[in-house]
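1. Pasted the sequence and its predicted model underneath.
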Amino acid sequence: MERSIPENPVKSIVKGLLRPSYRRARKFVFERLPVLYRDGSRYDHIAAEIRRLRPGKIVEIGTCKGDNAERMLRLALWYRQADYYGFDLFEEMGPEKFAQETAIWPAPMELVESRLKGIKFRGRTPGVRLFKGDTTRTLRDAAPEIGRADLIYIDGGHSYETVRSDWENSAALCGPGTVVLIDDYPNWGVGPLVDGIDRSRWKVEIIEPGDFFHHSDPPLNCKLARVTMAK
């Protein structure tokens, strides 16, 4: 049996002492200078798209607790006024759905809405619309209100049926220049969905590198798939 090597106690103490300062510095940059913020994860690719697109309309499928939404909005507001449309089950999440979709438990919708509507940056506040319920229904129903989106981020349910529905309903919101980012490729139902997207109509790129999760069972490498209209 392989033995793990314990961490040097001095190094552990130093890391413990520096961690709060690092978190405060990161929070300062995130809240005041989001255009400079990096954390080395695959989410930096989302930020890169926002810097390039300067989106006025962002759609996120899988709002969860609002962490990623806040980061996207702060960066988008650096450039211009932005509207956000977020979808999740929120309070409708149950144990069966949680297991079926390999999900993360979301926060109550009211708390997330209050958090996102409270963002104010460079004199701008985002327009925020949240939709509670199964996205196989809510995303389709909201399409007339949303119109064409600039950036769509899909990270909701992970079963093939749900991911396929989210992609098909998101495709209806796309126009020339729209970027769709699908998270967690090639895991669960995401891999088969992305691999099956019609390449004659859509340009699909797998963004490297992904994030490795060695302690999951099985270990995962989660990447982003970038989808745009084929020229």
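-> Yes, it's here.
2. Just give me the longest helix of the chain.
-> In the chain, taking DSSP state H as the definition, the longest helix is helix 9-32.
3. ok, residues contacting the helix or strand that that one is followed by?
-> Going down the chain from helix 9-32, the next helix or strand is helix 43-53, by DSSP states H and E. The contact list for helix 43-53 (CB atoms under 8 Å, 6 or more residues apart in numbering) reads 34-35, 37-38, 68, 71-72, 75-76, 79, 150-151, 153, 177, 179, 181, 207, 224, 226. To be clear about C-beta, it is placed using only N, CA and C from the backbone, and glycine gets the same treatment.
4. Now the strand or helix carrying E110: buried residues?
-> According to DSSP H and E, E110 maps onto helix 109-117. If you call a residue buried by 16 or more other CB atoms under 10 Å, then helix 109-117 has these buried ones: M109, V112, E113, R115, L116.
5. Could I get the full set of strands for this structure?
-> 57-61, 83-88, 127-132, 151-154, 179-185, 202-213, 220-229 (DSSP state E).
6. Please identify the most buried of these.
-> Comparing the strands of the chain by mean neighbour count (mean count of other CB atoms under 10 Å), strand 151-154 comes out on top with a mean of 27.
7. can you list contacts of that one?
-> Under CB under 8 Å, 6+ apart, the answer for strand 151-154 is 46, 49-50, 53, 55, 57-62, 68, 72, 163, 166-167, 170, 173-174, 178-183.
8. quick one: buried residues of the longest helix of the chain?
-> Applying a neighbour-count criterion of 16+ other CB under 10 Å, the buried positions in helix 9-32 are F30.
9. got it, and stretch 69-87?
-> Buried residues in stretch 69-87 (16+ other CB under 10 Å): 69-79, 82-87.
10. what's the straight distance from one end of it to the other?
-> 11 Å (CA to CA, to the nearest Å).
11. now that stretch: mean pLDDT?
-> Regarding stretch 69-87, the rounded mean pLDDT is 97.
12. Other residues contacting the lowest-mean-pLDDT helix or strand in the chain?
-> Taking mean pLDDT, DSSP states H and E as the measure, the chain has helix 9-32 as its least confident helix or strand, at a mean of 81. With CB under 8 Å, 6+ apart as the test, helix 9-32 has contacts from L36, Y37, D39, R71, R74.
13. can you list the weak-confidence ranges in this structure?
-> For the chain, applying pLDDT under 70 flags the ranges 1-7.
14. where does R199 sit relative to A230, distance-wise?
-> 7 Å (CB to CB, to the nearest Å).
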